[in-house]
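Undergrad: Kindly generate the corresponding structure for this input.
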Amino acid sequence: MDVFKKYALFLILTATIAAGCKNSGGDKTLPSVSGKAGEVAVVCSKVEWEGEPGSTLRSLLSDEVPYLPQVEPKYDLFNVPQQAFNKIFQVHRNIIIINTEKKNTTPDMRVWTNVWAQPQLVIEIVAETAQQAAAIIAQNGKRILSTLEKTERNRVLDNISSFENADLRRKVNAMVGGSPLFPNGFTVKKQTPDFIWLSSETTYTIQSILVWKYPYGGPADLSPEALAAKRNEITKEHIPCTMEGSYMILNPDIMPGCDTLRYKGRDIIEQRGLWEAHNDFMGGPFVSHTFLTPDQKEIVTLDAFVYAPRYDKRNYLRQVEACLYSFDWNNIPSEE
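TA: Residues are numbered from 1 along each chain as shown. Now for the predicted structure:
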């Protein structure tokens with residue numbers, strides 16, 4: 001426990017220096033993070049890991065990702081006992097520390113970035129008892145999830161920004177008046193005045209982003225049913241599959257989930273679900289963002305889908321979903 005107290009003290013000192021318990025500067029002397037995308041190291045005793053705090057974290061973060069063709073957890077958790085929390089684990093990308101001591105009379109959840117590595121997320125649960133720690137985790141469940149999701153997404157976007165295919169951004173911007181960022185490796189598969197299909201393909205994987213626009217006729221055009229019907233119309237026309245006469249459609253037995261969010265000043269309708277191939281043996285997950293143009297005359301949809309029959313789909317989908325969040329109006333790269 002003495003070793004853990006030393007690291008906890010270091011966290012507190014780091015947070016104080018960072019003013020406001022957040023280090024957003026990005027210290028270039030820090031090493032790069034370790035670990036795989038979607039991994040979370042949970043620093044706590046074995047008793048806490050197997051007890052209420054660990055159980056509460058697993059129910060929150062190891063819950064099944066919705067709308068994937070097979071069961072995959074939202075995050076892959078592994079336990080690091082306090083006495084084993086050394087330099088190897090300190091540089092992990094996502095760390096959750098459960099700090100339970102009797103002197104912790106002010107229960108809290110603290111969040112820092114770039115403590116021992118970058119770009120790193122560290123969340124500390126401060127409590128007097130394991131039961132109190134579990135309650136803090138449950139009370140802050142949405143915040144923990146959203147913080148992890150944003151951090152993982154920003155890592156993808158930082159990487160895309162460094163290795164971007166700016167020509168694709170120009171093409172999409174010319175079509176709809178705005179564009180997301182596209183990583184190197186993406187190419188144009190098909191383009192019309194109102195539609196573009198961009199894709200990165202390997203022997204066993206396809207990661208694609210579709211962009212289309214059409215006139216806005218009123219609120220009914222933005223209903224979940226109307227958006228699903230429009231997607232089927234677009235993919236039937238533009239996305240052939242491997243067999244002759246086959247094309248992409250929504251899974252007819254599972255209606256896409258629909259949610260609304262506000263991001264970068266835009267009201268976005270998010271749909272996620274499963275696609276399959278009509279008259280073929282293909283399928284996978286998709287997520288889409290739909291919103292109006294600033295003059296409210298047209299509807300724009302950004303649609304990211306994955307085909308990876310040999311692999312888990314969670315991380316592949318998160319990568320292309322992150323691209324959707326990078327959309328900006330008049331997003332024209334400067335000429336080099």
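
Undergrad: What average pLDDT does the longest helix along the chain get?
TA: Criterion DSSP state H: the longest helix present in the chain is helix 141-162. Regarding helix 141-162, the rounded mean pLDDT is 95.

Undergrad: so what secondary structure elements neighbour it?
TA: helix 52-61, strand 94-100, strand 108-113, strand 121-127, helix 314-325 (3 or more Cβ pairs under 8 Å, 6 or more residues apart in numbering; DSSP states H and E). In this view, the C-beta of every residue, glycine as well, is placed from N, C-alpha and C.

Undergrad: rerun that using 10 Å as the cut-off
TA: strand 39-43, helix 52-61, strand 94-100, strand 108-113, strand 121-127, helix 130-139, helix 314-325 (3 or more Cβ pairs under 10 Å, 6 or more residues apart in numbering; DSSP states H and E).

Undergrad: Compile the ones you listed into JSON lines and extend it with columns for distance to V287 and mean neighbour count.
TA: Listed next are the helices and strands packed on helix 141-162 as JSON lines, based on distance: least, Cβ to Cβ, whole Å; neighbours: other Cβ atoms under 10 Å:
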{"stretch": "strand 39-43", "distance to V287": "21", "mean neighbour count": "21"}
{"stretch": "helix 52-61", "distance to V287": "19", "mean neighbour count": "20"}
{"stretch": "strand 94-100", "distance to V287": "21", "mean neighbour count": "23"}
{"stretch": "strand 108-113", "distance to V287": "26", "mean neighbour count": "17"}
{"stretch": "strand 121-127", "distance to V287": "22", "mean neighbour count": "23"}
{"stretch": "helix 130-139", "distance to V287": "27", "mean neighbour count": "18"}
{"stretch": "helix 314-325", "distance to V287": "5", "mean neighbour count": "22"}
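
Undergrad: Could you pull up the residues touching N330?
TA: N173, G177, G178, S179, P294 (Cβ atoms under 10 Å, 6 or more residues apart in numbering).

Undergrad: again, only using 8 Å
TA: N173, G177, G178 (Cβ atoms under 8 Å, 6 or more residues apart in numbering).

Undergrad: for K236, same thing?
TA: With Cβ under 8 Å, 6+ apart, K236 has these contacts: Y247, M248, I249, H278.

Undergrad: wait, doesn't the third one sit right on I234?
TA: No: taking Cβ atoms under 8 Å as the contact criterion, I249 and I234 are not neighbours in contact, 10.6 Å apart.

Undergrad: how long is stretch 97-107 from one end to the other?
TA: 13 Å (Cα to Cα, to the nearest Å).

Undergrad: And for stretch 116-130?
TA: 26 Å.

Undergrad: pLDDT on that stretch, on average?
TA: Rounded mean pLDDT across stretch 116-130 is 96.
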